[in-house]
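# I need the structure of the sequence given here:
(chains A and B)
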Amino acid sequence: KQEVTQIPAALSVPEGENLVLNCSFTDSAIYNLQWFRQDPGKGLTSLLLIQSSQREQTSGRLNASLDKSSGRSTLYIAASQPGDSATYLCAGPAGGTSYGKLTFGQGTILTVHP
Amino acid sequence: DTEVTQTPKHLVMGMTNKKSLKCEQHMGHRAMYWYKQKAKKPPELMFVYSYEKLSINESVPSRFSPECPNSSLLNLHLHALQPEDSALYLCASSQIGFSGNTIYFGEGSWLTVV
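As a prediction, the model looks like this:
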């Protein structure tokens, strides 16, 4: 059974800082790992998906890495802005499938203050 | 277009009512999902449809009845719900068949059972 853990649970940083969010998972046979952003009262926005054959994916100021051997993924946010404030969730498919049941971490609540 | 559209955005219903949540996507995705999210918790899978057939039911009570009329539409029929069923209901969709399947979520339907 896939279990996903995110640390820290909450993070508050001043604008302009570079920061790292951490995600760990128990099933190393993971096909992919996806990072999402959720604004209060809203749905989930997909940020990045890393396939098991990849080590990194980049989109703008975001960079996500995946290390299957250690069961870890990180989301790096460069030059943080107040608009980055949200809950960040990582998730991977359970049961050795490439789609279907996503197991989510508990999320990291990020606050970027001006 | 990477949009999953959910209606209604908000729904208040009594415990004896029958109502439905609707979801639509036009990305050609053949997997569609219902997730339930309680406050300050990550989403939890309820149902998965693959090629318009129910493939995963996470032991959801029968007062929730999913339906997939065609490859673009997904409904969730609600009947005799309990106040503890109040939550954000998220619809999502993805392709099937390779390890890089990004899952796209809608904005959700906020359900309050009174």
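
# for chain B, what are the nearby residues on chain A?
With C-beta under 8 Å from any C-beta of the partner chain as the criterion, chain A meets chain B at residues A:31-32, A:34, A:36, A:41-46, A:49, A:51-53, A:89, A:91, A:98-102, A:104-107. Just so you know, the C-beta spots here come from the backbone N, C-alpha and C atoms, and that holds for glycine as well.

# is the strand or helix carrying residue B:92 in proximity to chain A?
In this structure, residue B:92 sits in strand B:87-94 according to DSSP states H and E. Yes: using C-beta under 8 Å from any C-beta, strand B:87-94 reaches chain A at B:90, B:92, B:94.

# parallel or antiparallel, which strands does that strand pair with?
strand B:31-37 (antiparallel), strand B:104-105 (antiparallel), strand B:109-113 (antiparallel) (DSSP bridges).

# could you give the mean pLDDT of that strand?
Taken as a whole, strand B:87-94 has a mean pLDDT of 96.

# does the residue in chain B that chain A sits nearest to sit in a helix, a strand or a coil?
The minimum distance from chain B to chain A, using C-beta to the nearest C-beta, falls at residue B:42 (3.5 Å). Secondary structure state of residue B:42, per DSSP: H, G, I helix; E, B strand; the rest coil, is coil.

# just the buried residues of the residues of chain A next to chain B.
With burial judged by 16 or more other C-beta atoms under 10 Å in any protein chain shown, the buried subset of the residues of chain A next to chain B is A:31-32, A:34, A:36, A:43-44, A:46, A:49, A:51-52, A:89, A:91, A:98-102, A:104-107.

# ok so, going back, convert the C-alpha atoms of the strand holding residue B:92 to CSV, please.
This file holds the C-alpha atoms of strand B:87-94, laid out as CSV (Å, rounded to 0.1, in the frame of the first residue of the first chain):
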residue,chain,number,x,y,z
ALA,B,87,-17.5,18.1,1.5
LEU,B,88,-15.9,19.3,-1.7
TYR,B,89,-16.4,16.7,-4.5
LEU,B,90,-13.8,16.8,-7.1
CYS,B,91,-14.0,15.3,-10.6
ALA,B,92,-10.8,14.5,-12.5
SER,B,93,-9.8,12.9,-15.8
SER,B,94,-6.7,11.5,-17.5
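
# who touches that strand?
A:43-44, A:99, B:4, B:6, B:21, B:23, B:25, B:27, B:29, B:31-39, B:43, B:74, B:76, B:101-106, B:108-111 (C-beta atoms under 8 Å, 6 or more residues apart in numbering or on different chains).

# just stretch A:29-36 next, same as before
A:2, A:23, A:25, A:44-52, A:62, A:64, A:66, A:68, A:73, A:75, A:88-93, A:96-98, A:102, B:99-103, B:105.
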